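Trainee: here's a sequence, model it:
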Amino acid sequence: MNAALLSPAVQKYIADNLHADVHKVMLGKSPFDGISARELAEQIDSKRRSEKKLPTWFVNEGIYYPPKLSIEQTSSETTAAYKARLLKGSHAIDLTGGFGVDSYYFSQATDHLIHVERNKDLSEIAKHNLQVLGRTNISFLTEDSLSFLERYPGRFDTIYVDPSRRVENKKVFLLEDTEPNVVSSLPLFFNMADRVVVKTSPMLDIQAGLKAFGGTTEELHVMSVKNDCKELLWVLSAGNTQEPRIICSVLGGEQMIEFVFTLSDERSEVISKYTTPMSYLYEPDVAVLKAGAFKTIAARFDLLKLDVNTHLYTSGTLKEAFPGKIFKIISSDSYSEFSRQKISGNFNIVSRNFPLSPDQLKKKHKLSDGGSDFLIFTRSNNQLVTVRAERTF
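Mentor: As a prediction, the model looks like this:
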């Protein structure tokens, strides 16, 4: 961490060149002693990347930015604020503190937080920034988090860990291969806290996660932002005896939507018949699809499913609280009938459980992107159909 980058003159230079070509800045000559052109370009690039993802950092003066990889890997403020809701008690620890975005929000949900980060530069940067942002109830440690836990004399109310899925510059996919190994570390975690929150990749298979955590899962939060599945958050307890609640959290709209179910709920539902599109068409948010609530979502909202492998639903009346996209159907035809009509124009093309991709459909039917209407190509009641619709929600 080069403290010279925090001088008023350098901070003004960064702000003035926020939209400059960072490659030209990097290849040019630095106007400041003790600061390289690469360092200036890095600060400009990382600050620019933070504008939407980290608005609190972006608008405050005196913020020191890490390399862009840390910005790309860090939580957004939206997801960090959500995770803070999962903390309980007055004393918590973030075992993988990183740039400190999660810790900023965690510190607002607990009386005292410990931020642990073994990368010395990143730890210094997080400490500086969180002090700039007025967080006074965080202690910062630069060391291995497991070593610290093993010798710590007390206990925590909540332990949070976001294990690295890149080990020795290689991507890993199994929980047992992450760093730290959260599966083998569970006995240590539960010896130090009653509540453990683990963040994993949204690509992790849910059944594999439940098996790895061995019945300790109280809740699984499947979090999406603007229909992009961002994180799986596992709330663990050594004394858990209940079936896990799966909470699909849809963020990014005017208000958060939650859909809660259990795997037993899903298994108990039976869909005995499928139907053709009615007045409204529904596509569940990616969080609901990731969680696998294919039958439960239909039962809760009194919807009919189009086909066994088509995760689209329909109804005659509008279900406004549905967690996902809602379309008002303009027309619905068999695909063969649509092909005979030779419709042209600009449409938003959607293909779901259909043999042709959007690009193939556009080429075959001479369709262009754009406009307000959607053409949804799918399978309904074991037949290929085309639905023309407008987005309602």
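
Trainee: following the helix or strand containing residue 378, which helix or strand comes up?
Mentor: Assigned by DSSP states H and E, residue 378 belongs to strand 367-380. Sequence-wise, the next helix or strand downstream of strand 367-380 (DSSP H and E) is strand 383-391.

Trainee: pLDDT of the host helix or strand of residue 105, averaged?
Mentor: According to DSSP H and E, residue 105 maps onto helix 101-106. Across helix 101-106, pLDDT averages out at 98.

Trainee: then stretch 257-267?
Mentor: The average pLDDT for stretch 257-267 rounds to 97.

Trainee: before we move on, back to that, give me the contacts around the strand holding residue 378.
Mentor: 274-277, 281, 306-307, 309-310, 312, 327, 330, 335, 343-354, 356, 361-362, 384-391 (CB atoms under 8 Å, 6 or more residues apart in numbering). Every residue, glycine included, has its C-beta placed from N, CA and C.

Trainee: now that strand: how far from the chain's centre is it?
Mentor: 27 Å (CA atoms, centre = their mean, to the nearest Å).

Trainee: again with stretch 281-300
Mentor: 17 Å.

Trainee: how about that stretch as CSV, C-alpha atoms only?
Mentor: What follows is stretch 281-300, C-alpha atoms only, in CSV (Å, rounded to 0.1, in the frame of the first residue of the first chain):
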residue,chain,number,x,y,z
LEU,A,281,-46.9,-16.6,-18.8
TYR,A,282,-44.4,-16.9,-15.9
GLU,A,283,-40.7,-17.7,-15.9
PRO,A,284,-39.2,-18.2,-12.4
ASP,A,285,-36.2,-16.2,-11.3
VAL,A,286,-32.9,-17.9,-11.6
ALA,A,287,-32.7,-18.3,-7.8
VAL,A,288,-35.9,-20.4,-7.8
LEU,A,289,-34.7,-22.5,-10.7
LYS,A,290,-31.3,-23.1,-9.0
ALA,A,291,-33.1,-24.2,-5.9
GLY,A,292,-35.2,-26.6,-7.9
ALA,A,293,-38.6,-25.5,-6.7
PHE,A,294,-40.2,-26.5,-10.0
LYS,A,295,-43.4,-28.0,-8.6
THR,A,296,-43.7,-26.0,-5.4
ILE,A,297,-43.7,-22.7,-7.2
ALA,A,298,-46.7,-23.9,-9.3
ALA,A,299,-48.6,-25.0,-6.3
ARG,A,300,-48.0,-21.9,-4.2
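
Trainee: list the contacts for residue 9?
Mentor: By CB under 8 Å, 6+ apart, residue 9 lies in contact with residue 32.

Trainee: 10 Å - rerun?
Mentor: 31-32 (CB atoms under 10 Å, 6 or more residues apart in numbering).

Trainee: one more: residue 27?
Mentor: Neighbours of residue 27 in contact, by CB under 10 Å, 6+ apart: 21, 37-38, 41.

Trainee: give the PyMOL command for selecting the buried subset of the residues you listed.
Mentor: Applying 16 or more other CB atoms under 10 Å to the contacts of residue 27 leaves a buried subset, and the PyMOL line that selects it is:
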select buried, resi 37+41
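
Trainee: got the contacts of residue 27 as a markdown table, with distance to residue 165 columns?
Mentor: Formatted as a markdown table, the contacts of residue 27 follow (distance: CB to CB, whole Å):
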| residue | distance to residue 165 |
| --- | --- |
| 21 | 32 |
| 37 | 33 |
| 38 | 28 |
| 41 | 28 |
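
Trainee: among the contacts of residue 27, which two are most distant?
Mentor: Between any two of those, the greatest separation by CB to CB is 14.2 Å, found for 21 and 38.

Trainee: which residue ranges form the strands in the stretch 151-300 of the chain?
Mentor: Taking DSSP state E, counting those that start in this stretch to define them, one finds strands in the stretch 151-300 of the chain at 156-161, 166-167, 170-171, 193-200, 217-225, 228-236, 245-251, 257-261, 280-284.

Trainee: pick out the shakiest of those strands, pLDDT-wise.
Mentor: strand 166-167 (a mean of 72).

Trainee: contacts made by that one with the rest, please.
Mentor: Residues contacting strand 166-167 (CB under 10 Å, 6+ apart): 69, 73, 172, 177-179, 181.

Trainee: partners of it, with directions?
Mentor: Strand 166-167 pairs in its sheet with strand 170-171 (antiparallel), by DSSP bridges.

Trainee: who's in contact with the strand it pairs with?
Mentor: Contacts of strand 170-171 (CB under 10 Å, 6+ apart): 165, 177, 201.

Trainee: and if we set it to 8 Å?
Mentor: For strand 170-171, the external contacting residues (CB under 8 Å, 6+ apart) are residue 165.

Trainee: distance between it and the chain's centre?
Mentor: 20 Å.

Trainee: residue most distant from the centroid, the protein?
Mentor: Distance to the chain centre peaks in the chain at residue 340, reaching 42.3 Å (criterion: CA atoms, centre = their mean).

Trainee: and it, what does it touch?
Mentor: Taking CB under 8 Å, 6+ apart, one finds nothing in contact with residue 340.

Trainee: which strand or helix spans it?
Mentor: Assigned by DSSP H and E, residue 340 falls in helix 335-341.

Trainee: mind listing the helices for the stretch 1-150 of the chain?
Mentor: With DSSP state H, counting those that start in this stretch as the criterion, the stretch 1-150 of the chain has helices at 8-16, 22-27, 37-53, 55-59, 68-73, 77-84, 101-106, 120-132, 145-151.

Trainee: tell me which of the ones you listed sits most buried.
Mentor: Using mean count of other CB atoms under 10 Å, the stretch among these with the greatest mean number of neighbours is helix 101-106 (a mean of 26).

Trainee: for that helix, list the C-alpha coordinates in CSV.
Mentor: Presented in CSV, the C-alpha positions along helix 101-106 are these (Å, rounded to 0.1, in the frame of the first residue of the first chain):
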residue,chain,number,x,y,z
VAL,A,101,-17.1,-4.9,1.8
ASP,A,102,-18.8,-7.7,3.7
SER,A,103,-17.1,-6.6,7.0
TYR,A,104,-18.4,-3.0,6.5
TYR,A,105,-22.0,-4.3,6.6
PHE,A,106,-21.3,-7.0,9.2
